[in-house]
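> structure here, sequence nowhere to be found:
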């Protein structure tokens, strides 16, 4: 995916978190299009962990937290359990956005809400 296509999708979703393949995008350009991003999680391919993907650029210090998926899992390993948390219907869960490549049509952006995900047969609304 080209940087401008990703930036356009990110601007539509304006997420708090961004999870993506390490090196596939510039965190600076993503934040320029979606100032709500406060956390960036890079998924690093095997063999590339040594490249410092978990470092926040100097110009974004205090504005965004950058980590890697493996680092996050390792950091949180001691606080995870197999217990399912209790259901609290009063808490409003923020939506999750995902996009995928469609043959010949670019990319589709979907918004998943807790209402959509909890249905027996989820209806997947498209934003594009």
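It's in. The structure presented is a predicted model; accordingly, all values stated were derived computationally and were not measured.

> which one is residue 48 nearest to, not counting chain neighbours?
Spatial nearest neighbour of residue 48, excluding adjacent residues (Cβ to Cβ, 6 or more residues apart in numbering): residue 22 at 6.6 Å. The way it works is simple: take the backbone N, C-alpha and C, and place the C-beta from them, glycine included.

> and if you look at residue 25?
The nearest residue in space to residue 25 (Cβ to Cβ, 6+ apart) is residue 6, at 5.4 Å.

> which residues sit in contact with that neighbour?
20, 24-25, 30 (Cβ atoms under 8 Å, 6 or more residues apart in numbering).

> what ranges do the strands span in the protein?
For the chain, applying DSSP state E gives strands covering 17-21, 39-43, 65-68, 96-102, 106-112.

> between the contacts of residue 6, which is nearest residue 85?
The nearest member of the contacts of residue 6 to residue 85, counting by Cβ to Cβ, is residue 20 at 26.4 Å.

> name whatever forms a beta bridge with the closest one.
residue 42 (DSSP bridges).

> my guess is it contacts residue 43. True?
Yes. At 6.8 Å, residue 20 counts as touching residue 43 under the criterion of Cβ atoms under 8 Å.
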